[in-house]
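A.B. asks: quick one, structure for this:
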Amino acid sequence: MSKFIEQPSVIPPPGKTPKLIEEYAGRVATHTDVLSLARIVCPAGWSEVGQQPEFTETKVVLKGMLRVEHTHGVFDVRAGQAVICEAGEWVRYSTPESEGAEYVTVCVPAFSPDTVHRDAESMGQKERSKQV
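C.D. replies: Predicted structure coming up:
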């Protein structure tokens, strides 16, 4: 059955510099664990700790630049570009440029705090890579 989503559910973000998370489909907005679909707006200088999620995450950048650090390097994903991070891969996201970033993200299965597996606050990519 088709479902109309009049407005997203705003989800409180983790981290010191907040980002806006608007979930259109997922565990909060539509009570599904099949996938999540959200629009994210991150201010300049935002970053979060690394993670090794159990879901595959695809991000399409609409504005600005999203930096994606991963076990084998770094991608700077700009407006009109996308990145796919496979389940089980260590990644860390940030927006180091002055414009910040706006992007749409799809997680399969749906994002869950229990399956994102965030690093300890002080653990960086090099330390995490040693554990992978």
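
A.B. asks: and the nearest residue to E99 once chain neighbours are set aside, what does it touch?
C.D. replies: Once flanking residues are discounted, E99 sits nearest to G64: 4.1 Å by Cβ to Cβ, 6 or more residues apart in numbering. Just so you know, the C-beta spots here come from the backbone N, C-alpha and C atoms, and that holds for glycine as well. G64 makes contact with C42, R78, A79, T95, E97, E99, G100, A101, E102, according to Cβ atoms under 8 Å, 6 or more residues apart in numbering.

A.B. asks: most neighbours among those, which one?
C.D. replies: Neighbour tally across those (other Cβ atoms under 10 Å): the maximum, 27 neighbours, falls on A101.

A.B. asks: correct me if wrong: that one contacts C42.
C.D. replies: Yes - A101 is in contact with C42 according to Cβ atoms under 8 Å; the separation is 5.0 Å.

A.B. asks: what is in contact with these two at once?
C.D. replies: G64, L66, T95.

A.B. asks: which of those lies closest to V34?
C.D. replies: L66 (24.4 Å; Cβ to Cβ).

A.B. asks: secondary structure element holding that closest one?
C.D. replies: strand 56-70 (DSSP states H and E).

A.B. asks: just checking, next helix/strand downstream of that strand?
C.D. replies: strand 73-78.

A.B. asks: distance from whichever helix or strand comes after that next one to the middle of the chain?
C.D. replies: Moving toward the C-terminus from strand 73-78, the first helix or strand encountered (DSSP H and E) is strand 82-85. Mean C-alpha position of strand 82-85 versus that of the full chain (Cα atoms, centre = their mean, to the nearest Å) differs by 10 Å.
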